[in-house]
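sequence and predicted model, in that order:
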Amino acid sequence: MDIQTGHKESALSIPGLGPEDRIYPRSYNETGGTRLVMVKKDHTKYLVAAGSGPLFEDLQGNVKEEFKWCPLTHENRLVLNRYFEYTAPQAFGTQIATFGLGDRLGLASPGHLETIRGRDVRPILAQQSIRELNLTGRDYKEVLDAACFAAFQEGYKDGFGADGDHLKVEPDIEMALRLGFTMLTLDCSEKIDNTVEKASAEEREEKYSQLPEELRRHYEERYLDQSFSIGDTSIRFDRDTLIRNVLIYSAAIDFMETIYNTYIQKAERPVDFEISIDETETPTDPASHYLVAKELYSRGVEIFSMAPRFCGEFQKGIDYIGDIGQFEQELALHARIADDFGYKLSIHSGSDKFSVFPIIAKYTKGRFHVKTAGTNWLEAVRTVAQVNPSLYRRMHAFALEHFHEAAAYYHVTTDLSKIVPLNEVSDEALADTYMNEDNARQLLHITYGLLLQAKDGEGKFLFKDEFYRTLSEHEDDYKRSLIGHIGKHLDLLGK
Ligand SMILES: O=C(O)[C@@H](O)[C@@H](O)[C@H](O)C(=O)CO
């Protein structure tokens, strides 16, 4: 099979590739006497090197008929990073919109890059939380390898990021930084006191009085009975408001400062630092967002983005649930706070929030960070439903049986009784019936880990191997599905 390289030499003709195999022409590169391209043979991808030179020598692989066939290993990914800077992740800072495209399978990034290419937004391709790693059985090396190889495969040279997402403890932060992640999302949910909103004023006073006198004085001197402007809106911290915010957020703010001073300030390269306070029971009042931001910046902590918990529901894989008028009112304030302090507003669980994307685009003035992950998993499931109905039926039935185990990891309000029974749906109607209905979307969304890890009595994967093989056989179908669906997200975000 030949690849027209547009180079003065003849086309690169690679022996041993059959009609089912493929060459990825955008991956083609030449350096120092080596010609390199990515191919897929028998549903396995390789880097194929020809010629000679340091790159040919540095890549690990088997030489056949003067071609070195190099597997997509971590070691070969590091070699690519050394020779081709665009295959390594980078930080982006606060001035350009960024879009998180968490890829639980390690298969979605080529489609993501095809979608985002040429748009005024940059992709954070390697974005997985520890929760996702635990549920999929992957690690950060694999996540970052897949993203780097995708950039090489697609010849995407505009830069991509790598987000250690929802990190809560220092060992995970150290591991992500050591592996070269360029963004850290610090999850402060376990430092936020959610009991405060349910307490009485007397109980809050009592709890507040037990805080160190120095801490109480710190906040009272700076905020008590003070008013602050957020655009045309003035916020004021009366005693009860201040006490509530100090009880809810002061430990989290100290945690943010410690992590910033310990890791971000001392990092050897730029790291985008995101604060996540979205996965808490307590919606983030704009006044609370302001106080957290004011405290951070007064302590010298500068961030890339902040993810508040918005009013309403940002549930996984479905549109916004709530009063859009109230959402718009509060988002305008959240966006203004982020703008005034110079960071970006971050929107978590951004998958499919189509009804609020125009509002987000408007008030962030197109400078945002939006995170998605589950929606590209669901597009993979949609593709399987279209081309391998038997596999989809088996996965769907398993998901129904194990849904409640998965519901422990994600907050959803799925009503299983509203999901049409499988035996009432034809093969041809599976994708439309289930991938366009909220309850079925959430059923398949949150059970991804159980589905991918499920094994039979002999230790053989029930679905995973067939799932990956099906997506490999229908690589272009999956890519088209992603381009359409993720493209809809970006179109509505004005990108
Ligand atoms: O599912 C997860 O654990 C993560 O992908 C998400 O929580 C992520 O932070 C996100 O908001 C993507 O929608």
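On my side now, so go ahead. Every value quoted in this text rests on a predicted model; they were computed, and no experiment measured them.

so which residues on the stretch 51-200 of the chain come close to the ligand?
Contact residues (Cβ under 6 Å from any ligand atom) of the stretch 51-200 of the chain with the ligand: 102, 129, 131, 132, 165, 166. C-beta here means a position set from N, CA and C on the backbone, and glycine is covered the same way.

before we move on, which element is the last one in?
Under the criterion of DSSP states H and E, residue 166 resides in strand 161-167.

the longest helix seen in the chain: which residues count as buried?
Ranked by residue count, the top helix of the chain under DSSP state H comes out as helix 239-259. Residues 241-253, 255-256, 259 are the ones in helix 239-259 that count as buried (16 or more other Cβ atoms under 10 Å).

buried residues, the longest strand seen in the chain. List them.
With residue count as the measure and DSSP state E as the assignment, the chain has strand 22-31 as its longest strand. Buried residues in strand 22-31, counted by 16+ other Cβ under 10 Å: 22, 23, 24, 26, 27, 28, 29, 30.

next one: stretch 41-61
41, 45-51, 55-56, 58-59, 61.

dump those residues to a markdown table, plus pLDDT and secondary structure.
As requested, the buried residues of stretch 41-61 are arranged in a markdown table below (pLDDT from 0 to 100; DSSP: H, G, I helix; E, B strand; the rest coil):
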| residue | pLDDT | secondary structure |
| --- | --- | --- |
| 41 | 96 | strand |
| 45 | 98 | strand |
| 46 | 98 | strand |
| 47 | 98 | strand |
| 48 | 97 | strand |
| 49 | 97 | strand |
| 50 | 96 | strand |
| 51 | 95 | strand |
| 55 | 98 | helix |
| 56 | 98 | helix |
| 58 | 98 | helix |
| 59 | 98 | coil |
| 61 | 98 | coil |
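
ok, these vs residue 330, which is closest?
Residue 330 lies nearest to residue 45 out of the buried residues of stretch 41-61, by Cβ to Cβ, at 45.4 Å.

what sits against the closest one?
Contacts for residue 45 (Cβ atoms under 8 Å, 6 or more residues apart in numbering) come out as 38, 39, 72, 149, 153.

need the max-distance pair from the residues you listed.
Within the contacts of residue 45, two members stand farthest from each other by Cβ to Cβ: 39 and 149, at 12.3 Å.

where exactly do the helices run in the stretch 251-400 of the chain?
Using DSSP state H, counting those that start in this stretch, the helices of the stretch 251-400 of the chain run over 286-298, 324-341, 357-363, 374-387, 389-406.

would you mind finding the most buried of those?
Neighbour counts (mean count of other Cβ atoms under 10 Å) averaged over each of the helices of the stretch 251-400 of the chain peak at helix 374-387, with a mean of 24.

contacts for that one next, please.
Residues contacting helix 374-387 (Cβ under 8 Å, 6+ apart): 101-105, 107-108, 111-112, 316-317, 351-352, 391-392, 395, 430-431, 434-435, 441, 444-446, 448, 467, 470-471, 473-474, 477-478, 481-482, 485-486, 489.

so how far is it from its chain's centroid?
Centre-to-centre, helix 374-387 and its host chain are 17 Å apart (Cα atoms, centre = their mean, to the nearest Å).

that helix vs helix 389-406, what angle?
Interaxial angle, helix 374-387 versus helix 389-406 (axes from the mean of the first three to the mean of the last three Cα atoms, to 10 degrees): 150 degrees.

domain boundaries for the chain, per the record?
Following automatic domain parsing, the chain resolves into domains at 2-83, 188-371, 376-491.

since that was my last question, I'll sign off now.
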